[in-house]
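Engineer: turn this into a model:
(chains A and B)
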Amino acid sequence: MSAFAMLVARDLRLSVRQGGALGTALGFYMIVVTLLPLGLGADLNLLSRIAPGVLWIALLLSALLSLPRMFGADYEDGSLDLLATGPLPLELVAAAKALAHWIATGIPLTLLAPVLGILLNLEIGTYPVLVATMVVGTPAVSFIGAVGAALTLRAHRGGLLIALLVLPLYVPTLIFGMAVIGALLGPGGVWSPFLILTAISLMAVILGPIAAAAALRAQMQ
Amino acid sequence: MQTITQRLANPTQFMQLSARILPWVAGAAAAIIAYGLYLSFFDSPPDYQQGETVRIMYIHVPSAWVAMAAYALIAISAFGLLVFRHPLADVSAKAAAPIGAVFTFLALVTGSLWGRPTWGTYWVWDARLTSVLILFFLYLGLIALRSSIEDETLASKLTAILALVGVVMLPIIKFSVEFGNTLHQGASILRAGGSTIDPAIELPLLVMALGFTLMFVALHLKAMRNEVLRRRVKALQMAEVERAQAGRLAAAE
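Structural biologist: Residues are numbered from 1 along each chain as shown, chains lettered A, B, ... in the order given. The predicted structure is shown next:
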């Protein structure tokens, strides 16, 4: 097995066995989605209209929660130094960790979204499109998040800072995710915003690890 | 033969040069802004549709222009730091961030005050407004990241990386919000086919833009000088502490 795959597998095993991370993210997702109808009023027509946006925003916030752990635990116990001196370039280390974050957080959150959609009276026809935007958009969430996680590794109050740094960068992902849903009703068809969303994700997958690796390198000298 | 950027790598040379330039730039900025304000208030007609509120533009447009120019300067400085390790690049990036944030804030506030009588609302979730608001958040992120890391060399490198990530993201953010419709008018001065603005209004606008640019340069130079001095003071203090410690060790022997 290649070093890259081993690192991904190790991170996935850790995220399952250390426990907490996935459960917390999913629990947070459910709580946020529960709070919103309580605050906005339980009008089913209104909820049905805003459901895709609510699910997307709550997903971004939930994914944000687990970002500080992406490099944090390995930095504290020294394994990050070991990985940096190992055969794998730091860019690929960052990519492996972001990929593991996507598999361990992005995909479970995406799978939970339609279930929560029932609570929000989401229209049946929207389900497949919403899940498709999330499958395609969540890699951007993890790989852009990796940059934020790497930058705030040694910062005080890193958890709060990471939100300020990363959330503005999530704007294109969110806008095009919602544009796909909006295009369901419009005449233009869903393909063009969907393909742009895919392009944003692919760009994040390429550029995110490079920036994250540069940030990690600066902190380990 | 040294280039000017190489010579400026020596902080002493920078301090000498900037001390000579700064009063002239600051004086020119004050004079041009005073002339621009005179033009804006007394020597330009009210717009036939917007009435007197068009005068807000004379502050709004130059602020927005400086807000973007300051980010470009930060990005260039970040590149200069990461690639060429120019010693003044970090000073420049650090000094420009709060100034740029203030001008972005000014552009947002003046735009919002103008929007109320003209569009009938202080804020719309329009492409231009949203992307400038996000630019403001990027500035806040740069300042927050720098202030949360104690080690200054590390803070400068990480902030530079964030600034460059922001440069990649800014066009995408701008493009993404423009995907929807926009209320804000498009480019009016620098466009193919020439300006669409009446000369009577364009003149004060251009004068104010020049004045604001000079004001930014003056503020930036002053902030850079303060930063260089602050670093010198810190270095002197560290040297003082080391000398005191060495003295105590010698006394103990």
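Engineer: can you tell me how far B:Leu73 sits from A:Leu169?
Structural biologist: Distance, B:Leu73 to A:Leu169, by Cβ to Cβ, to the nearest Å: 21 Å. For the C-beta atoms, the positions are set from N, CA and C on the backbone; glycine is no exception.
Engineer: surely B:Asn56 is within a strand?
Structural biologist: Not Asn; residue B:56 is Ile. No. Looking at B:Ile56 with DSSP: H, G, I helix; E, B strand; the rest coil, it is helix, so not inside a strand.
Engineer: dump the residue contacts of it.
Structural biologist: For B:Ile56, the set of contacting residues under the criterion of Cβ atoms under 8 Å, 6 or more residues apart in numbering or on different chains consists of B:Thr110, B:Leu113, B:Trp114.
Engineer: next, count neighbours for the last one.
Structural biologist: Look at B:Trp114: counted by other Cβ atoms under 10 Å in any protein chain shown, it has 19 neighbours.
Engineer: dihedrals phi and psi, it?
Structural biologist: The phi/psi pair for B:Trp114 (degrees, to the nearest 10) reads phi -70, psi -40.
Engineer: rewinding a little: the more surrounded of B:Leu73 and A:Leu169?
Structural biologist: For B:Leu73 against A:Leu169, the residue with the higher neighbour count under other Cβ under 10 Å is A:Leu169, and the figures read 27 against 21.
Engineer: surely that one is in contact with B:Val168?
Structural biologist: No. Shown here, A:Leu169 and B:Val168 do not form a contact pair, counting by Cβ atoms under 8 Å, at 9.5 Å.
Engineer: and chain A, which residues reach chain B?
Structural biologist: Near chain B, the residues belonging to chain A are A:147, A:151-152, A:154-158, A:161, A:164-165, A:167-169, A:171-172, A:175-176, A:179, A:193, A:196, A:200, A:203, A:207, A:211, A:214-215, A:218-219 when assessed by Cβ under 8 Å from any Cβ of the partner chain.
Engineer: buried subset of those residues?
Structural biologist: The neighbour-count test (16 or more other Cβ atoms under 10 Å in any protein chain shown) applied to those identifies A:147, A:151-152, A:154-155, A:158, A:161, A:164-165, A:167-169, A:171-172, A:175-176, A:179, A:193, A:196, A:200, A:203, A:207, A:211, A:214-215, A:218-219 as buried.
Engineer: hmm, stretch B:162-178 touching chain A?
Structural biologist: Yes. Counting by Cβ under 8 Å from any Cβ, contacts between stretch B:162-178 and chain A involve B:Leu162, B:Leu164, B:Val165, B:Val168, B:Met169, B:Ile172, B:Ile173, B:Phe175, B:Ser176, B:Val177.
Engineer: now the second one. Nearest residue, chain neighbours left out?
Structural biologist: Beyond its immediate neighbours in the sequence, the residue positioned closest to B:Leu164 (Cβ to Cβ, 6 or more residues apart in numbering or on different chains) is B:Ala78, lying 5.3 Å away.
Engineer: was I right about that neighbour contacting B:Thr159?
Structural biologist: Yes. Taking Cβ under 8 Å as the definition, B:Ala78 is a contact partner of B:Thr159 at 7.4 Å.
Engineer: what touches both of these two?
Structural biologist: If you check B:Ala78 and B:Thr159 against Cβ under 8 Å, 6+ apart, the residues they both contact are B:Ala93.
Engineer: quick one, longest helix in chain A?
Structural biologist: Counting by DSSP state H, the longest helix found in chain A is helix A:191-220.
Engineer: which residues touch the residue nearest the centre of chain A?
Structural biologist: Nearest residue to the geometric centre of chain A (Cα atoms, centre = their mean): A:Val141, 3.5 Å. Taking Cβ under 8 Å, 6+ apart as the contact definition, A:Val141 lies against A:Leu59, A:Leu60, A:Ala63, A:Trp102, A:Gly106, A:Tyr170, A:Thr173.
Engineer: can you get me a residue count around residue 77?
Structural biologist: Picking chain A for this. Applying other Cβ under 10 Å, we find 10 residues neighbouring A:Asp77.
Engineer: I was after chain B.
Structural biologist: For B:Ser77, the number of neighbouring residues by other Cβ under 10 Å comes to 25.
Engineer: one more: B:Ser131?
Structural biologist: A count of nearby residues for B:Ser131, using other Cβ under 10 Å, gives 21.
Engineer: quick check: phi and psi at it.
Structural biologist: Note on B:Ser131: its backbone torsions stand at phi -70, psi -30 [degrees, to the nearest 10].
Engineer: secondary structure element holding the residue lying closest to it once chain neighbours are set aside?
Structural biologist: Taking Cβ to Cβ, 6+ apart, and ignoring the residues beside it in sequence, B:Ser131 has B:Lys174 as its nearest neighbour in space, at 4.6 Å. For B:Lys174, the host element (DSSP states H and E) is helix B:152-178.
Engineer: got the angle between that helix and helix A:191-220?
Structural biologist: Helix B:152-178 and helix A:191-220 are oriented at 180 degrees to each other (axes from the mean of the first three to the mean of the last three Cα atoms, to 10 degrees).
Engineer: got the buried residues for stretch A:18-27?
Structural biologist: Of the residues in stretch A:18-27, those buried under the neighbour-count criterion (16+ other Cβ under 10 Å) are A:Ala21, A:Leu22, A:Ala25, A:Leu26.
Engineer: can I get stretch A:123-140 as PDB, trimmed to CA atoms?
Structural biologist: Listed in PDB are the C-alpha atoms of stretch A:123-140, where the atom choice follows Å, rounded to 0.1, in the frame of the first residue of the first chain:
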ATOM      1  CA  GLU A 123     -39.500  19.000  -1.600                       C
ATOM      2  CA  ILE A 124     -39.000  15.500  -2.900                       C
ATOM      3  CA  GLY A 125     -37.600  16.600  -6.300                       C
ATOM      4  CA  THR A 126     -34.900  18.600  -4.600                       C
ATOM      5  CA  TYR A 127     -33.300  15.600  -2.700                       C
ATOM      6  CA  PRO A 128     -31.100  14.100  -5.400                       C
ATOM      7  CA  VAL A 129     -29.900  17.500  -6.600                       C
ATOM      8  CA  LEU A 130     -29.100  18.700  -3.000                       C
ATOM      9  CA  VAL A 131     -27.200  15.500  -2.200                       C
ATOM     10  CA  ALA A 132     -25.300  15.800  -5.600                       C
ATOM     11  CA  THR A 133     -24.300  19.400  -4.800                       C
ATOM     12  CA  MET A 134     -23.100  18.300  -1.400                       C
ATOM     13  CA  VAL A 135     -21.100  15.300  -2.700                       C
ATOM     14  CA  VAL A 136     -19.400  17.500  -5.200                       C
ATOM     15  CA  GLY A 137     -19.000  20.600  -2.900                       C
ATOM     16  CA  THR A 138     -17.800  19.000   0.300                       C
ATOM     17  CA  PRO A 139     -14.300  18.300  -1.000                       C
ATOM     18  CA  ALA A 140     -13.900  22.000  -1.400                       C
END
